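Novice: Using only what follows, build the 3D model:
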Amino acid sequence: IMHEIKVLRKAVGMKQYILAKDLNIEQSNYANMENGKLKPNNLNEVKQKAIEILLPLLNTKGNNLQLDYLSAKKLKEHFEKKYR
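Specialist: Now for the predicted structure:
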């Protein structure tokens, strides 16, 4: 479930602990969610908030992305279609 969030997080170069802090979650709990070991009742809320944090970074990171432009564009389109 959180695999796509992990892909997006890595694509924008954000560390787990930073996203966890932005989500007001302990890093260890976030890591467990991302790896499928923890599925809290509010997982959908966490995913939505993570996407709201990460998706705009695809636009602002520009040349710093670890992906080429087309991959970033496809990833952005995927998340916009699926979650908006």
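Novice: Below-threshold pLDDT in this structure: ranges please.
Specialist: Scanning the chain for pLDDT under 70 picks out 1, 59-72, 83-84.
Novice: Residue 46 touches residue 20, doesn't it?
Specialist: No: counting by CB atoms under 8 Å, residue 20 is not a contact partner of residue 46; they are 9.9 Å apart. All C-beta atoms are positioned from the backbone trio N, CA, C, and that covers glycine.
Novice: how many other residues sit next to residue 58?
Specialist: By other CB atoms under 10 Å, 20 other residues sit near residue 58.
Novice: Assess the claim that it and residue 77 are in contact.
Specialist: No: between residue 58 and residue 77 there is no contact under CB under 8 Å: 9.9 Å.
Novice: Mind telling me what element residue 5 is part of?
Specialist: helix 3-11 (DSSP states H and E).
Novice: What's the biggest helix in this structure, counting residues?
Specialist: Criterion DSSP state H: the longest helix present in the chain is helix 43-61.
Novice: For that one, enumerate the helices and strands it packs against.
Specialist: In terms of contacts (3 or more CB pairs under 8 Å, 6 or more residues apart in numbering; DSSP states H and E), helix 43-61 is packed against helix 3-11, helix 16-22, helix 69-83.
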